[in-house]
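[1] any chance you could fold what I've pasted below:
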Amino acid sequence: MLLSRVSILGATGLSSGVVLWAAVQLALFRTKLRAHADTERQLQQAKNAADEANRAKSDFLAVMSHEIRTPLNAVMGFAKLLSETRLEESQRGYISTITSEGERLGSLINDILDLTKIEGGQLSLERLPFAPAETAHEVLRLLSARALEKKVDLRFEAQLAGPLLLAGDPLRFRQIILNLVDNAIKFTPGGAVTVFLSWTAPEGTDPRGRLFVRVRDTGIGIPAEKQKSLFQMFMQADSSTTRNYGGTGLGLAICQRLVHLMGGEITVNSEPAKGSEFMFWLSLPIVALPERSEEEIQSDPPFARRLRVLIVDDMETNRFLLQVFLRRHGFEPDIAKGGAEAVQLAAANPYDAILMDLQMPEVDGYTAAQLIRAAELPGQHTPIIALTASIAKGTREKCLAAGMDEYLSKPLDLDKFKRVLRRLISAAHATQSG
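    Here you go, the predicted model:
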């Protein structure tokens, strides 16, 4: 009987212990769940804060880009116009310096914005025909004055088995080579910088071959322990590099990211005092361009009359630059200081083209273009070209959706602008006469 009672008490005590242990474990589990929920909430709040900071950064960079590009457009444009006048040799040297340094400033702005787009996954690549040898020649011509100033010999070698035309993003390909050659010149106090191109043809059913690009210099070289950090943002081989040679440390970071976006790889081989060689490859298909017609081959055919163009911009310097440029090339410019005035003038006058700024007070360029299009008679179509300092993603698409025909960013390439203007006017005349 006593044994039976002890057994019952033992069983009861054991049962109570199990219940107590389970209760403690449940309480601990609930505490962990609450802690986990708190952690999840904190992580979400941190993510939201980071997303908001990224949006704020992107907005800030877009605004700053616009504010810098607008005056830079006037500086570069008037330097171009001044270079086409009679100048003394020393004055021509001053203009050349203004132009080259302005281009470097524009390139720096582009680098910062490109890096922001790449890091945010917002950079999209084009697929257009381009000739890599021509691109390399163009880059070397562009940097020849700077190389001459530093007593650096620029060289080009190609093993391409004849003319080579590939499908890819020509602008980004040019940007990579430009950064690499510019970098090589910067760190070569005297000697040579050589660009090598080679091509491995496609094999089997694969339509893609491999384009290899090497940029070799005889400059200061890079220590082995510093080479791993070269492609990081804002990094240079030594803290004294910026003081001695300048630069932001963005160029190589952008090159690496662009090459990776294009499905390739970039490497470096260097020794101190023996120079450096940067090599990258891209996998691209060969293409062939259609033959150009006789009409397309003819350049700058004369128009039968003096063409009338409406300039729409709220900035006086931009209006003045376009006025001078258009008059110099045989156009008759009119001025509108805002979108509302542009709509009124377009309704009252037959213009051959309209140059439309986008960011204007009251009536912006998008709205003005829509109103102008809505008021046009059947069969009438005046070319509208957006000229803007904004290069935010989707700007071009928004311009086309508003009824504009083309989009050019500031600072303007005036030669390209003239070609686009003449092409659109010619197309509009051909359509209306037909």
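[2] what packs against the helix or strand hosting Gln370?
    Using DSSP states H and E, Gln370 maps to helix 365-375. Helix 365-375 makes packing contacts with helix 339-348, strand 353-356, strand 384-388, helix 395-401 when contacts are defined by 3 or more CB pairs under 8 Å, 6 or more residues apart in numbering; DSSP states H and E. Placement of C-beta: from N, CA and C, glycine included.
[3] most packed of those?
    When those are scored by mean count of other CB atoms under 10 Å, the highest mean neighbour count falls to strand 353-356 (a mean of 26).
[4] show the average pLDDT along that strand.
    For strand 353-356, mean pLDDT is 94.
[5] domain map for the chain?
    Listed domain ranges for the chain are 34-119, 128-285, 305-433 (source: automatic domain parsing).
[6] using a markdown table, lay out the helices and strands packed on helix 365-375 together with distance to Trp199.
    Below are these laid out as a markdown table (distance: least, CB to CB, whole Å):
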| stretch | distance to Trp199 |
| --- | --- |
| helix 339-348 | 50 |
| strand 353-356 | 42 |
| strand 384-388 | 37 |
| helix 395-401 | 32 |
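[7] which one of those lies closest to Leu115?
    helix 395-401 (18.7 Å; CB to CB).
[8] helix or strand next in line after the closest one, which one?
    strand 406-409.
[9] need the strands for the stretch 1-150 of the chain, in chain order.
    128-130 (DSSP state E, counting those that start in this stretch).
[10] okay, now Tyr366: neighbour count?
    21 (other CB atoms under 10 Å).
[11] ok so, going back, just put the domains of the chain in JSON lines and tack on distance to Gln25.
    Below are the domains of the chain laid out as JSON lines (distance: least, CB to CB, whole Å):
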{"stretch": "domain 34-119", "distance to Gln25": "15"}
{"stretch": "domain 128-285", "distance to Gln25": "48"}
{"stretch": "domain 305-433", "distance to Gln25": "53"}
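[12] ok so, going back, so which of the helices and strands packed on helix 365-375 is nearest Ala430?
    Distance to Ala430, taken as CB to CB, is lowest for strand 353-356 among these, at 14.2 Å.
[13] which residues in the stretch 101-250 of the chain form helices?
    Per DSSP state H, counting those that start in this stretch, the stretch 101-250 of the chain carries helices over the ranges 132-142, 144-149, 170-186, 224-227, 239-245.
[14] quick one: list the elements packing against the fourth one.
    Contacts defined by 3+ CB pairs under 8 Å, 6+ apart place helix 224-227 against strand 265-271.
[15] buried residues in the strand it packs on?
    Buried residues in strand 265-271, defined by neighbour count with 16 or more other CB atoms under 10 Å: 266, 268, 270.
[16] which SSE is immediately downstream of it?
    Using DSSP H and E, the helix or strand that follows strand 265-271 in sequence is strand 275-285.
[17] what packs against that following strand?
    So strand 275-285, by 3+ CB pairs under 8 Å, 6+ apart, packs with strand 166-168, helix 170-186, strand 208-217, helix 251-261, strand 265-271.
[18] what's the closest of the ones you listed to Val195?
    strand 208-217 (5.6 Å).
[19] closest to Glu103 among the buried residues of strand 265-271?
    Nearest member of the buried residues of strand 265-271 to Glu103, counting by CB to CB, is Ile266, at 23.8 Å.
[20] gap between the nearest residue to that closest one once chain neighbours are set aside and Leu261?
    Of all residues not flanking Ile266 in the chain, Phe280 sits nearest, at 3.8 Å (CB to CB, 6 or more residues apart in numbering). Separation of Phe280 from Leu261 (CB to CB, to the nearest Å): 12 Å.
[21] now for the helices and strands packed on helix 365-375, which one comes closest to Thr99?
    Taking the helices and strands packed on helix 365-375 one by one with CB to CB, strand 384-388 is closest: 19.6 Å.
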